[in-house]
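Visitor: predicted coordinates and the sequence they were generated for:
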There are 2 protein chains.
Amino acid sequence: MDNENEEAMNDYRLRGRIWIEGAEGTFLGYGRVVLLERIRDYASISAAARSMKMSYRHAWKLVESMNSQSRVPVVEKTTGGRGGGGSVVTQAGEQAITCFWSAYQDFKDFLAQRSENL
Amino acid sequence: MDNENEEAMNDYRLRGRIWIEGAEGTFLGYGRVVLLERIRDYASISAAARSMKMSYRHAWKLVESMNSQSRVPVVEKTTGGRGGGGSVVTQAGEQAITCFWSAYQDFKDFLAQRSENL
DNA sequence: AATCGTTATGTTTACCAGTATATAGCGTTA
DNA sequence: TAACGCTATATACTGGTAAACATAACGATT
């Protein structure tokens, strides 16, 4: 196909974000899910936060927010003991992760699809 | 259908936002499109801004941003004259409005669709 | 009982987007 | 030519969010 006299290529992109809202606002978003995954990987909120260059305080608040909006906690925390304690992502947490990535993938497809012919 | 022993109704909602990006970042978003529509309705950036309780400065910046990212301006501004001047939304602006609402509607459908069974 | 690294939580600081304020320039109309 | 209300633009202020800082509590292990 000859491109010479065609309209200029579309250099606009459709972009966006999605999140899952619960009773108190955001329940799950991109950052929260990545945090969950890292908590799972490191078995520690503080290590997860460090790995994302996020302040522990902030990470802790996010976990509180998620737990308080879930019937079953997404993260179980242990205080004290050998190594000072730690945290694990529950089955419900794993489901939340999967659920979000599923919606996220569809959303990415949607954006790519609708980015053509803007 | 008997609801007694069913899983609790889903009280999560999938939410999100979308915007169209150009070379310098956001080109069109919800607020910008509403602003465009009001500029069209009032034939004035300042009246449009007032009607949205948005500062004139902010509105003006948004218009600059949109115009600078569009091959053809979306708003044409007139300085001085009867009434001090004014602004009109161009054909390209109208197209931008339509284009965004179209994507927005599809996005709303997507969110509603994916909100079921979270 | 001393240690360790984590969870838990309050307090202060830094930052930035948007608002407020102020002023100049413009050009048609009366 | 005076006036009007809008565009144009600089500077200062503000409020809310995230980061930074600072401790305290905890409990298995040694």
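Guide: Cool, got the structure.
Visitor: going forward, measure contacts between C-alpha atoms and count neighbours the same way
Guide: Fine.
Visitor: go ahead and name everything in contact with the longest helix seen in chain A.
Guide: Of all segments of type helix in chain A, defined using DSSP state H, the longest is helix A:91-115. Under the contact criterion Cα atoms under 8 Å, 6 or more residues apart in numbering or on different chains, helix A:91-115 has outside partners A:12-16, A:18, A:20, A:28-29, A:33, A:36-37, A:72-75, B:103, B:114, B:118.
Visitor: next step: those residues restricted to helices.
Guide: A:33, A:36, A:37, B:103, B:114.
Visitor: tell me how far the last one lies from residue A:115.
Guide: In other words, residue B:114. If you measure residue B:114 against residue A:115 using Cα to Cα, to the nearest Å, the figure is 20 Å.
Visitor: and for the third one?
Guide: Using Cα to Cα, one obtains 30 Å as the distance from residue A:37 to residue A:115.
Visitor: what of the second one?
Guide: Plainly put, residue A:36 is 30 Å away from residue A:115 if you go by Cα to Cα.
Visitor: okay, now residue A:24: neighbour count?
Guide: 10 (other Cα atoms under 10 Å in any protein chain shown).
Visitor: which residues touch it?
Guide: residue A:69.
Visitor: tell me the mean pLDDT for the biggest strand by length in chain A?
Guide: In chain A, with assignment by DSSP state E, the single longest strand is strand A:13-22. Strand A:13-22 shows a mean pLDDT of 96.
Visitor: please state the offset of it from the chain centre?
Guide: Relative to its chain's centre, strand A:13-22 lies at 11 Å (Cα atoms, centre = their mean, to the nearest Å).
Visitor: what strands line up against it, and which way round?
Guide: strand A:25-28 (antiparallel), strand B:13-22 (antiparallel) (DSSP bridges).
Visitor: what does it rub up against?
Guide: So strand A:13-22 is contacted by A:26-30, A:69, A:100, A:104, A:107, A:111-112, A:114-116, A:118, B:11-22 (Cα under 8 Å, 6+ apart).
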